[in-house]
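Undergrad: I'd like to go over a predicted model; first the sequence, then the structure.
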Amino acid sequence: MTVISTQLPRVPYTGTADEAELNHWREIAQKVADQLATDALERDRKNAQPFAEVQLLREAGLLNLLVPTEFGGAGAHWETAFEAVRILATADGSISQLLAYHYVNQSGIAFYAAPETQAQWWQRTVEGGWLWGDSVNPVDPTLTLVPEGDGFRLNGAKRFSTGSGVGEVIVINAEVTEGERKGQVLAFIIDRDREGLEIVDDWDYLGQRLSASNSLKYHNVRIEPTDLLGEVTDEPVSTLLTPGIQLAFANFYLGIAEGALARGKQILLGRKNAWLFSQAETYSQDPIFQRTVGELKARTAAVAALTEKLGRKFDALLSKAGDVTQPERAALAVEIAEAKVVSTEVGVEVANRIFEVTGSSSTANSVGLDLFWRNVRTHSLHDPVDYKKIEVGAYFLRGESQPLSLYT
């Protein structure tokens, strides 16, 4: 591989998306969503590793949406990426999650790697057609990363490693446990076929069944110097990665709510009769059902307005690169926490209450309306939303920011 000689800025993201960019990728994402929707329920029930679905994302160009143009990517913006995640979620929450996590994991190149090393990573991900999985769950026991020569040896295990079952590479964060670099947290990647890596196909949960969120076990895995992205630090621009994750979640939950509403509308309009005590001719003309749908639609629209605004603000702050300050980062993180709160509650509420207007027949297994609820209920437990409320309240009342973590 001949590496393009380019001196990149601290992060390669500049400016904000225009309507031409947004509309172009909305159209592409919608075509993929339409294709996924044709057999989403069938694929969910099979619970197989989603290699074919990843190939669909790859062929559509969605995997390289955020990659700079000089390395063969689309050079698009995070606002656009969030929109793509949202649109896919209306049809298939699992594949939407895969894409969202891929964007976050792949962007570790920008957030963790030094500018002089980023070019090779961007080029490799494009040439390899990589989907990036992860293994960074912080609530599991700490991995053991021990120096060995010019590299390291990795041992331990991680659950909930999204994309690991199908990703060409897996990004890992681990603290060095001894030696001169003891205490440093390093971000590095390994390929799915690395010797000593055991992928445990144990993801069999209520929802998000095709997110390939397997458990991983590391048996004396060799980590080469060329595997290292960089050190995980508290540099403000680098720590924007976590609010980005949370904003991706908000768009994901929003998309599920929109998908549940669209499916509910389809079912409701298909009912030609009305409730026996109703004065209306059809269910869709009944004020009671119209009121319920109107309430859910209005709340979903409010979440959409908030997430769209924050997608643009996220891009604008990223454009400051190394000049991002900690107060700026903290302020945006809290705004995104607000979006996480309302998107979680609206997503769960819409996916649940849509059954009130579609009736008992919509609970038939053949209908599959439950897929929206199962997906949003499962993923919305990722990190307790009550702690997001505390984060918002502490900042609003006393200007206090939460300690930096993979959740805040």
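TA: Looks like it arrived, so ask away. Residues are numbered from 1 along each chain as shown.

Undergrad: could you look up the SS state of the residue nearest to the spatial centre of the chain?
TA: When the chain is reduced to its mean C-alpha position, the closest residue under Cα atoms, centre = their mean turns out to be Ala100, at 2.8 Å. Applying DSSP: H, G, I helix; E, B strand; the rest coil to Ala100 yields a three-state assignment of helix.

Undergrad: now swap in Arg181 and tell me
TA: Put simply, Arg181 is coil when judged by three-state DSSP.

Undergrad: quick one: Lys158 is in a strand?
TA: Yes - counting by three-state DSSP, one finds Lys158 located in a strand.

Undergrad: would you list every one of the strands in this structure?
TA: Listed in chain order, the strands of the chain (DSSP state E) span 132-135, 144-148, 151-161, 169-175, 185-191, 197-200, 214-223, 228-231.

Undergrad: give me the low-pLDDT residue ranges for the chain?
TA: Within the chain, the segments meeting pLDDT under 70 span 1-7.

Undergrad: what ranges does it have for its helices?
TA: Using DSSP state H, the helices assigned to the chain run over residues 19-37, 40-46, 51-60, 78-89, 93-106, 108-112, 115-128, 236-239, 241-269, 287-318, 326-358, 370-379, 385-398.

Undergrad: tell me which residues touch the nearest residue in space to Arg58 that is not next to it in sequence, please.
TA: Of all residues beyond its chain neighbours, the one nearest Arg58 is Gly129 (5.4 Å), with distances taken as Cβ to Cβ, 6 or more residues apart in numbering. No exception for glycine: its C-beta is placed from N, CA and C like everyone else's. By Cβ atoms under 8 Å, 6 or more residues apart in numbering, the contact set of Gly129 is 58, 63, 168.

Undergrad: likewise Ala81?
TA: Residues counted as contacts of Ala81 (Cβ under 8 Å, 6+ apart) are 65-66, 103, 248.

Undergrad: now Ile87
TA: Residues counted as contacts of Ile87 (Cβ under 8 Å, 6+ apart) are 26, 29-30, 33, 255.

Undergrad: for it, give its distance to Leu154.
TA: Per Cβ to Cβ, to the nearest Å, Ile87 is found 37 Å from Leu154.

Undergrad: now do Val376
TA: Spatial separation of Val376 from Leu154 under the definition Cβ to Cβ is 34 Å.

Undergrad: which one of the two has more residues nearby?
TA: In this comparison of Val376 against Leu154, neighbours counted by other Cβ atoms under 10 Å, the higher total goes to Val376 at 31 against 25.

Undergrad: just checking, that one touches Glu258?
TA: No - the criterion here is Cβ atoms under 8 Å, and Val376 misses it with Glu258 at 11.3 Å.

Undergrad: returning to what we had before: how about the helices of the chain, which one is nearest Leu210?
TA: Nearest of the helices of the chain to Leu210, taken as Cβ to Cβ: helix 93-106 at 3.6 Å.

Undergrad: now do the closest one: which elements does it pack against?
TA: Using 3 or more Cβ pairs under 8 Å, 6 or more residues apart in numbering; DSSP states H and E as the contact criterion, the secondary-structure elements in contact with helix 93-106 are helix 51-60, helix 78-89, strand 132-135, helix 241-269, helix 370-379.
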